[in-house]
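A.B. asks: Structural data only, the sequence is not supplied:
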DNA sequence: CCGAATCCGACTTGATACTG
DNA sequence: CAGTATCAAGTCGGATTCGG
């Protein structure tokens, strides 16, 4: 796939690829919600699940494991009956909370702006069809 | 979904849902790369494509359209032959560049840390299998 | 040179049932 | 309560092909 190019003219692509990797985790549908929820302190599995409520056990487990793997969250098992597992942010996770919160703040502040842009774009797309988009407009 | 809870202890879930929407766009594999590339000034279609080089026409077009729809980038068509289309960040896009750059900076700084955490996790998972993971260990 | 539409494969996601 | 395994569907993504 990458063969055929003998010169690699874009080293930025190589470095930014790693950034994109991390960003993909952040951009995950549930990751940020979990991180934000854990920002208030350690929580149990079902506690997180109830807090987000739209997530399935599978997705929660998967995301949590990925986060744990990346050193963002810490999993603490209490061998009791019933078993108890707490999740909390590591120092890395708490640090991540800063730029993520900044981005979240941006998103929240510009959310209506983006909504308006979408509406505008949608209206323009409907009024300015580059080709035959409307099969019955004549 | 939110029915069943009479007290709604976490309105953040409802609001953060919107944030997650935006974050999904940011977390898109190509979005950030494009935004960063456009941060250096307006560029043509194939110019972006060559810069990223791992992206297909479809993905570039799709991402660009999504960004345009959200009011992040601006598409300028020059009706010449051959046709020329330039893409540039809007004010919103330039503003987005700030938190995104912060996150990118975080990712770049902690990338080795995350890599190490993954290695650690992987090693631990291999040494500490919670159940029968190895079907042929006897 | 820009871009849209199509076909098809791969990964991701989700509901369920089972285990400890 | 916490977590896993399985099955089916949806979406994403890439290569190709055609039009302006």
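C.D. replies: That came in fine, so what should we check first? These numbers come from a predicted model, not from an experiment. Numbers count the residues shown, from 1 in each chain, chains lettered A, B, ... in the order given.

A.B. asks: alpha carbons only for contacts and neighbour counts from here, please
C.D. replies: Noted.

A.B. asks: what comes up buried for the one helix or strand residue A:97 maps to?
C.D. replies: Per DSSP states H and E: residue A:97 is located in helix A:91-127. Residues of helix A:91-127 classed as buried by neighbour count (16 or more other CA atoms under 10 Å in any protein chain shown): A:93-94, A:96-97, A:99-104, A:106-108, A:110-111, A:114, A:117-118, A:121.

A.B. asks: do stretch A:28-39 as well
C.D. replies: Under 16+ other CA under 10 Å, the buried positions of stretch A:28-39 are A:28-38.

A.B. asks: For residue A:27, which non-adjacent residue is spatially closest?
C.D. replies: residue B:27 (3.5 Å; CA to CA, 6 or more residues apart in numbering or on different chains).

A.B. asks: quick one on the thing from earlier: is the helix holding residue A:97 anywhere near chain B?
C.D. replies: Yes. Helix A:91-127 is in contact with chain B by CA under 8 Å from any CA of the partner chain, via A:96, A:99-100, A:102-104, A:106-108, A:111, A:114-115, A:117-118, A:121-122.

A.B. asks: Can you show me the strands along chain A?
C.D. replies: Taking DSSP state E as the criterion, chain A carries its strands at A:43-44, A:73-78, A:84-89.

A.B. asks: Next, see if the first one gets close to DNA strand D.
C.D. replies: Read that as strand A:43-44. Yes. Strand A:43-44 reaches DNA strand D (CA under 7 Å from any atom of the strand) through residue A:44.

A.B. asks: which helices and strands sit right next to that strand?
C.D. replies: strand A:84-89 (3 or more CA pairs under 8 Å, 6 or more residues apart in numbering or on different chains; DSSP states H and E).

A.B. asks: ok, the strand it packs on: who's next to it in the sheet?
C.D. replies: Its sheet considered, strand A:84-89 pairs with strand A:43-44 (antiparallel), strand A:73-78 (antiparallel) by DSSP bridges.

A.B. asks: wait, does that strand contact DNA strand C?
C.D. replies: No. If you take CA under 7 Å from any atom of the strand as the test, strand A:84-89 misses DNA strand C, and the best it gets is 8.5 Å.

A.B. asks: OK, now which residue of chain A is nearest to DNA strand D?
C.D. replies: Closest to DNA strand D within chain A is residue A:46: 3.5 Å, counting by CA to the nearest atom of the strand.

A.B. asks: and that residue, how far is that from residue A:124?
C.D. replies: Distance of residue A:46 to residue A:124, given as CA to CA, to the nearest Å: 45 Å.

A.B. asks: And for residue A:54?
C.D. replies: Applying CA to CA to residue A:54 and residue A:124 gives a distance of 33 Å.

A.B. asks: what's the burial count for residue A:80?
C.D. replies: 8 (other CA atoms under 10 Å in any protein chain shown).

A.B. asks: What residues does residue A:65 make contact with?
C.D. replies: Under the criterion of CA atoms under 8 Å, 6 or more residues apart in numbering or on different chains, residue A:65 has no neighbours.
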